[in-house]
Each structure stands twice: as C-alpha cells, then as structure tokens.
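S.K.: Here is a sequence together with a model predicted from it:
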Amino acid sequence: MPKIWSFGSINADHAYRVPHIPAPGETIAAREYSLGLGGKGTNQSVAAAKAGATVAHIGLIGPEGLWAKQRLAALGVDTQHINQSETPTGHAIITVDETGENAITIFPGANRAFTDAQLEVLTSVTAPGDLLILQNETNLQAEAARIAVKQGLIVFYSAAPFSAEATRDVLPHISILLLNEIEAAQLKAAVGALPSGITVVVTKGSDGADWITPDQTLHCPAFPVKPVDTTGAGDTFAGYLAAAIAEGQAPEAAMRLASAAAALKVTLKGTADAIPSRAEVEAFLARV
Ligand code: RIB
C-alpha cells in the first residue's frame, strides 16, 4: 500500500472550555483546561495512522518538544523525520464554547522554521505512488509539493488555515485540494473560481461534503451527531480521506469513511488524542 508522508505542523494545544467565545475586549473564565498534542499536520498524521495507513511525519519541534514526538510515535506515526530546532515548538490557544464551536490562535514557532534540508527526505526515501499531505501551518509547502510531484507522489493539500498567497503557490503542484465552505469562498474571492482539472473536496459541516472532479460531483451527506468539540474535525476528515485514497477506495466509500470519522471526532473533547480509531469508525458506520 502507498505510504503517506505528512509535511506538517506540531503544536501543543492549550484548550479552554468557555461559556462563549470571548468578544473583543472581553475577559472570561474557562470552566476546563487541558493540554494535549495537536497541530493540523499532526492531527492529519494521527487520523491517517488511526485509519490504518503507514504514515511518516516530517516536522520540527523546539528544544522542549520531545514529548510531542514521543506522543506522535505512541499514536502510531513514524517520527524519524521529525527534527529539533532552536525555535520553540508551535502551540495553539483553543477556546471551545458550549456548542462545541471553537476559535484558535496559533503560535507557529518551529513549524515555520523549515529549511530545504528537511525536505531532502522527499527525494531520498519516498516511492512513486506515495501520498504527500500538507496544510498551511508550515513554511515551504509549495517547495515540498513541487519536489513530491517530481518524485511521482500524489499531493493532497488542505488549505487550512486559509492563506490566499500560500494556496496560490501550492495549487500548481497538487492533485487533491481539501477546503471547508469558508475556505472555498475565500479561494474563489482570491482567484475567481475553484481550480479545475484536479479533485476538489469541499466539507460543509452538517450539509455533508462534495467530491468535485472535472467529470462529476459526488455528494456525501453528514452524519448527524451532537457536537461537543469541533476542533480537529477537518483534520480527521483529511487524514481518513488520505488513508482511504491510499487504500484504493472509491471516492464514495472514502468520503463516507472520512465523514464518519469527522462526525465521531466532534463528539469527543480534544484533538490528536481524541481522533477515533478505524474500529470505532467502522462500528459507528455499522450502527447508523
Ligand atoms: O485544526 C485543529 C488544530 O488547529 C489544533 O490542533 C491546533 O493546534 C491548530 O493547529
């Protein structure tokens, strides 16, 4: 089976349960606090690994970040291409309200300190047909995507957090683009239309998700669940979808698996540690 290479962020997630997301100038007290492993890249790696894929993470941590590497390894991800830098490990301040909705501030730290040397792994140990998954919490995404295409990899890019500039640079090198509805609208505003000639997957929360290719649009309905914490749901969808594609699943089945995994994640508090296992997702699918 093709291997998944995840070039992505690693964060310490400081999560606060709050009665509501604070308004500008407002101070509120959190009801709960937790510290866990996160980062969009990390969550995607963990999701793909939990789905059953072989996943290697290419990442950077700071001098104090060894715990994150160890936790990623414990969650089933190959961490031998995670290096340490002088820049502190990235972190995120996450507030989650009563409805499960969140607001996130990231401090990129080491995630934006990549140099070309860290990308050499993409030319030395990848194989044609492998997948590269990326998002926008690092630097050098376009360079990583360019090298991966040259090596015959399939490039799967989730344009989150959205940056018109980063997305424009990566677009010429990708096969699959994953966006949520807001990011899709932002991309249309920036470049005029969604890209054609590649697969574009748009997630729409409770309205499900669309798989759009030049020939067809497939719609996958959402699984209704009571949201507890939406943080990392998009990453869970991305990782599961990449794993299903690596398995060779047809788009309908791949989207259904990814949607079910994301729906289950939403019922649990936390990020990387809360991503459901393949067995849990299959059991959920059998129930619904
Ligand atoms: O998508 C959720 C993730 O966004 C969190 O884990 C946080 O670290 C931020 O990167």
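M.R.: Happy to help now that I have it. None of these values were measured; they are calculated from a predicted model.
S.K.: For the ligand, what is the nearest residue in the stretch 151-288 of the chain?
M.R.: When CB to the nearest ligand atom is the measure, the stretch 151-288 of the chain has its nearest residue to the ligand at Thr271, with 3.9 Å between them. C-beta coordinates here come from the backbone N, C-alpha and C atoms, glycine included.
S.K.: Give me the distance between Thr79 and Leu35.
M.R.: Relative to Leu35, Thr79 is positioned 20 Å away (CB to CB, to the nearest Å).
S.K.: Settle it for me: which of these two has more neighbours?
M.R.: More neighbours sit around Thr79 than around the other of Thr79 and Leu35, counting by other CB atoms under 10 Å; the figures are 21 against 10.
S.K.: List the contacts of that one.
M.R.: Applying CB atoms under 8 Å, 6 or more residues apart in numbering, one finds that Thr79 lies in contact with 56-57, 69-70, 72-73.
S.K.: hmm, which two among these are most spread apart?
M.R.: The distance between the two most remote of the contacts of Thr79 (CB to CB) is 15.7 Å, for Ala56 and Gln70.
S.K.: the more surrounded of those two?
M.R.: When neighbours are counted by other CB under 10 Å, Ala56 comes out ahead of the other of Ala56 and Gln70, with 22 against 12.
S.K.: Which of the contacts of Thr79 fall within helices?
M.R.: For these, the ones inside helices are 69-70, 72-73, with DSSP state H as the criterion.
S.K.: Need the buried ones from those selected in PyMOL.
M.R.: In PyMOL, selecting the buried portion of the ones in helices among the contacts of Thr79, with burial taken from 16 or more other CB atoms under 10 Å, looks like this:
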select buried, resi 69+72
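S.K.: Mind putting the ones in helices among the contacts of Thr79 into a markdown table with pLDDT and distance to Pro224?
M.R.: Below are the ones in helices among the contacts of Thr79 laid out as a markdown table (pLDDT from 0 to 100; distance: CB to CB, whole Å):
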| residue | pLDDT | distance to Pro224 |
| --- | --- | --- |
| Lys69 | 98 | 37 |
| Gln70 | 98 | 37 |
| Leu72 | 98 | 32 |
| Ala73 | 98 | 35 |
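S.K.: remind me which residues of the stretch 151-288 of the chain are low pLDDT?
M.R.: Counting by pLDDT under 70, the stretch 151-288 of the chain shows no low-confidence range.
S.K.: in it, which spans are helices?
M.R.: If DSSP state H, counting those that start in this stretch is used as the criterion, the helices of the stretch 151-288 of the chain fall at 164-170, 181-191, 233-247, 251-266, 278-287.
S.K.: closest to Ile10 out of those helices?
M.R.: Nearest of the helices of the stretch 151-288 of the chain to Ile10, taken as CB to CB: helix 233-247 at 12.6 Å.
S.K.: Quick one: distance of that closest one to the chain centre.
M.R.: With CA atoms, centre = their mean, to the nearest Å as the basis, the distance from the averaged C-alpha position of helix 233-247 to the chain average is 8 Å.
S.K.: From the contact counts, what lies against it?
M.R.: With contacts defined as 3 or more CB pairs under 8 Å, 6 or more residues apart in numbering; DSSP states H and E, the packing partners of helix 233-247 are strand 4-7, helix 40-51, strand 131-134, strand 154-158, strand 176-180, strand 199-203, helix 251-266.
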